[in-house]
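1. need coordinates for the following:
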Amino acid sequence: MSISVPRAEPITPAESGDRDGAIPPLESGDRLTRDEFERRYQAMPPLTKAELIEGVVYVASPVRHRYHGKQHFHLLSWLAHYEAGTPGVEGGVSSTVRLDLNNEPQPDCVFFIQPEHGGQVQIDEDGYIQGAPDLVAEVAASTASYDLHDKLGAYRRNGVREYLVCRVFDRRVDWFVLREGAYEPLAPAPDGSLRSTVFPGLWLDLAALLRGDLPAVLALVQHGLESPEHTEFAARLRQARGEPVE
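-> All right, here's what the predicted structure looks like:
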């Protein structure tokens, strides 16, 4: 009789090959190195979404429109509106982020200052984001989600400066700001909106987002784009790239 003992250390590429040469599929709960995770991921069927968080594989389930897809689209629209009015920043959807050797997430939305404008990420030779985006936004079901546990810890440790989680079933939004190595909740402005500390003018109408009122969400971020602090931020971005500032 043989006894199977759970493995504590991630499996490496050298250990993972089957005798017939086939690449094993990714399965939730697998403990893999980042290299082995990427090797298996490349062999998965198209449209598969998987993440490596603290050395553990998470393969995404089908996405329900009313409990994820719609909220994801609204967060994307909010960030895209800000990007359109702010040369020097850039966003992405489900982009692979090479955070460290045990973490390779695919956040719902990433947002960052471009490297040429003084940002902290790099785009590596494979086209992936290397390092911590300035802001990550995720859509989660509730506080039970790994977005608010293991993933939060990985983002904090790697220096993601702001982390936003929209909890659909709880009808709550958590927006964390990194201060002295710890995440603290972002305090609301007097009008109840949430306002980024990294991207001046990136203002979020919290109530409108939760009720699905996209025009109101975009109206407030447009107001933020017209604020004096955004004008100053845009000038700093141009200056960081060596562009003339009027």
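
2. can I see the domain layout of this protein?
-> 13-59, 65-240 (automatic domain parsing).

3. show me the strands in the protein, by range?
-> Assigned by DSSP state E, the strands in the chain fall at 50-53, 56-59, 89-93, 97-98, 109-113, 122-123, 129-130, 135-140, 162-167, 172-179, 182-185, 194-195, 203-204.

4. mean pLDDT and mean neighbour count added to those strands, as CSV?
-> Backbone N, C-alpha and C define where each C-beta goes, glycine included. Output for the strands of the chain, formatted as CSV (pLDDT from 0 to 100; neighbours: other C-beta atoms under 10 Å):
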stretch, mean pLDDT, mean neighbour count
strand 50-53, 94, 24
strand 56-59, 92, 19
strand 89-93, 97, 19
strand 97-98, 96, 22
strand 109-113, 98, 25
strand 122-123, 96, 14
strand 129-130, 96, 18
strand 135-140, 96, 24
strand 162-167, 96, 23
strand 172-179, 97, 18
strand 182-185, 97, 12
strand 194-195, 98, 20
strand 203-204, 98, 25
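
5. ok, back up a step: deepest-packed of the domains of the chain, please.
-> Greatest average neighbour count among those goes to domain 65-240 (a mean of 18), per mean count of other C-beta atoms under 10 Å.

6. and it, how far apart are its ends?
-> End-to-end distance for domain 65-240: 40 Å, by C-alpha to C-alpha, to the nearest Å.

7. what do you get for stretch 56-64?
-> Chord length of stretch 56-64, first to last residue, is 24 Å (C-alpha to C-alpha).

8. run the chain-centre distance for that stretch.
-> Averaging C-alpha positions (C-alpha atoms, centre = their mean, to the nearest Å) puts stretch 56-64 15 Å from its chain's average.

9. give me the pLDDT for Pro10.
-> Per-residue confidence (pLDDT) for Pro10: 68.

10. quick one: least confident helix or strand in this structure?
-> Here the helix or strand of the chain ranked lowest by mean pLDDT, DSSP states H and E is helix 13-16, holding a mean of 55.

11. doesn't Gly88 make contact with Arg238?
-> Yes - between Arg238 and Gly88 there is a contact at 7.0 Å, judged by C-beta atoms under 8 Å.
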